[in-house]
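*Asks:* Following is a predicted model, sequence given first.
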Amino acid sequence: MTVRLAFYGDDFTGSTDALEVLAFAGLNSALFLKAPTPTMLERFGAIDGIDGLDALGLAGDSRAMTPAEMDAALPRALRALAKLAPIVHYKVCSTFDSAPAIGSIGRVIEIARRELGAGAVPVVAGNPALGRYCLFGNLFARSGTDGLVHRIDRHPIMRNHPVTPMDEADLAVHLARQAPLSIAKLTLADLARERTTLDQRWRALAGGDADAVLIDSATAEHLTEVGRLLDAKAPCFVVGSSGVEYALTQWWRESRRASGQPAADTRRFDRCSAAGPVLVVSGSASALTAMQIDAALAAGFGDLPLSARELVDGDRASAALDAAAAACRHLAHGKSVILHTARGNTDPRIAQMVGSLVGTGLTRAEATHQGGRTLGRRLGELTRAVLERQPLRRIVLSGGDTSSQVTQVLAPDALSVVARLAPGAPLCRLHAAGSTLDGLEVALKGGQMGDANYFIKVRDGVD
């Protein structure tokens, strides 16, 4: 088996975003919750009836880690992936939201340079398929709330992120705040040059004194060139959004066409049937998720608001049991239901949870970090309790940190892609040998992913 690419996702929704790009490009791919052993890889190939995996991912939760936690968790994971594939990708959110104290991408670059002997680390920020554009090092992103493209520090959702608000658009500046890094730039002007000149510029930057090279991209054609540069640099370690997967698969597809090889048939991903009642568990506070909740409630979903404060620091056993029982009553009568801890970033429930934890002596930053992580785990326990009482075919986990924590509580062996739903938020299947969760379909959606009808599509299917 030859694995061409291995990635570590800094949260679970981001991991399935990368996984879908690989699957839709025709690569046999799987996402694991821990570094796979040869036995696990062999068993997965047998389950899916394939000769072997072309690419694989490791779903993590480092987006919610402190630098000290990263130092403890990431070296072993990155070394394991480097043994499996020539290109190792540390997959971050396409909005690059991170901070010196939480989810530090700068610290990751330091760790990779130390542990893997990585030289100048390529950083790929643009991802046109998701409405993300990097221009002379500055990141722009389309908002799902108004459909407009905003500089990231003026983005209506990301500038108000509850944990890692983006207040700097120049990613070289943003990352250098997180670690003492020297960051060079390969810009649009470089990408516009003919290949010989571009390659000379790339070699000079990649082989120079910089710790990282930030690479622009605003079009699919730009990404194909980026893929060519990354492929030629292998073995290498790269940081970026799923733009890395788009870049490499687009270049590999172009190379395949040039050699006369047929394209892979991926039509099986274009549709999925209705699933009966679905459970939506949402910890996202984004304005787009609020729109999705509103649309789903109007389409007949049951509404079960949860108190984040009670789940985290109150009589959580009672609160979770009551919520699980209420959800099961809806589902048993064939009614889809949404359990949510916020409807938009002005919902007071998250602030109430943080305020309550501050009252125990934590700083506001500690309360936000610890509260978010604990809340995700409580939602995971609640989800598991519902599934034990009311088996379902399909569920939705909404919110990056929520999806990471809930999936870890459910603890499948791996995930694979089932169908397209929205760019960056596919429908997946859990693989869990010997568990009743085996075969459960799950859609993991970040706060800024999908259109207003996303939850309805999960319930009703896509034809």
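*Replies:* Perfect, thanks for sending it.
*Asks:* can we go C-alpha only for contacts and neighbour counts from here?
*Replies:* Will do.
*Asks:* which stretches of the stretch 51-200 of the chain form helices?
*Replies:* Residue ranges of the helices in the stretch 51-200 of the chain, as given by DSSP state H, counting those that start in this stretch, are 67-82, 105-115, 171-176, 188-191, 195-206.
*Asks:* Now do the longest one, average pLDDT.
*Replies:* What that stands for is helix 67-82. The pLDDT scores in helix 67-82 average 95.
*Asks:* Which strands or helices does that helix pack on?
*Replies:* Helices and strands touching helix 67-82, as assessed by 3 or more Cα pairs under 8 Å, 6 or more residues apart in numbering; DSSP states H and E, comprise strand 5-9, strand 87-91, helix 105-115.
*Asks:* can you redo the helices of the stretch 51-200 of the chain as CSV with mean neighbour count and distance to residue 121?
*Replies:* Formatted as CSV, the helices of the stretch 51-200 of the chain follow (neighbours: other Cα atoms under 10 Å; distance: least, Cα to Cα, whole Å):
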stretch, mean neighbour count, distance to residue 121
helix 67-82, 17, 14
helix 105-115, 20, 7
helix 171-176, 20, 12
helix 188-191, 17, 18
helix 195-206, 15, 8
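*Asks:* where does the chain dip in pLDDT?
*Replies:* By pLDDT under 70, the low-scoring segments of the chain are 1, 45-51, 260, 314-317.
*Asks:* Could you identify the longest helix within it?
*Replies:* helix 364-389 (DSSP state H).
*Asks:* relative to helix 364-389, how tilted is the helix or strand that comes right after it?
*Replies:* As assigned by DSSP states H and E, the chain's next helix or strand after helix 364-389 is strand 394-398. Relative orientation of strand 394-398 versus helix 364-389 (axes from the mean of the first three to the mean of the last three Cα atoms, to 10 degrees): 180 degrees.
*Asks:* Off-centre distance for strand 394-398?
*Replies:* Distance, stretch centre to chain centre, for strand 394-398: 14 Å (Cα atoms, centre = their mean, to the nearest Å).
*Asks:* What of stretch 70-90?
*Replies:* Remark: stretch 70-90 is offset 17 Å from the chain centroid, using Cα atoms, centre = their mean.
*Asks:* who touches that stretch?
*Replies:* Contact with stretch 70-90 is made by 2-10, 35, 62, 107-108, 111-112, 115-116, 231, 234-240, 244, as judged by Cα atoms under 8 Å, 6 or more residues apart in numbering.
*Asks:* isn't residue 459 right next to residue 279, touching?
*Replies:* No - Residue 459 is beyond contact range of residue 279, at 9.0 Å (criterion: Cα atoms under 8 Å).
*Asks:* When the two are compared, which one has more neighbours?
*Replies:* Neighbours per residue, other Cα atoms under 10 Å: of residue 459 and residue 279, the larger number sits with residue 279, 29 against 23.
*Asks:* returning to that earlier point: which neighbouring elements make contact with the longest helix of the chain?
*Replies:* Applying 3+ Cα pairs under 8 Å, 6+ apart, we find helix 364-389 packed against helix 308-313, helix 316-332, helix 348-358, helix 400-410.
*Asks:* list the buried ones in it?
*Replies:* 367-387 (16 or more other Cα atoms under 10 Å).
*Asks:* Stretch 273-280 now?
*Replies:* 274-280.
*Asks:* cool, and stretch 114-134?
*Replies:* Neighbour-count burial for stretch 114-134, counted by 16+ other Cα under 10 Å, picks out 118-128, 130-134.
*Asks:* tell me which of these is nearest to residue 409?
*Replies:* Nearest to residue 409 among the buried residues of stretch 114-134: residue 130, at 28.9 Å, using Cα to Cα.
*Asks:* correct me, but that closest one touches residue 448?
*Replies:* No - using Cα under 8 Å, residue 130 makes no contact with residue 448, being 10.2 Å away.
*Asks:* Next up, the contacts around residue 405.
*Replies:* Contact analysis of residue 405 by Cα under 8 Å, 6+ apart lists 61, 373, 376-377, 380.
*Asks:* 10 Å instead, please
*Replies:* When contacts are counted by Cα atoms under 10 Å, 6 or more residues apart in numbering, residue 405 touches 11-12, 60-61, 372-381, 397, 411.
*Asks:* Just confirm residue 224 contacts residue 253, I think it does.
*Replies:* Yes - counting by Cα atoms under 10 Å, residue 253 is a contact partner of residue 224 at 9.5 Å.
*Asks:* quick one: which of these two has more around it?
*Replies:* Between residue 224 and residue 253, residue 224 has the larger neighbour count (other Cα under 10 Å), namely 23 against 18.
*Asks:* how would you label the more buried one: helix, strand or coil?
*Replies:* Following DSSP: H, G, I helix; E, B strand; the rest coil, the label given to residue 224 is helix.
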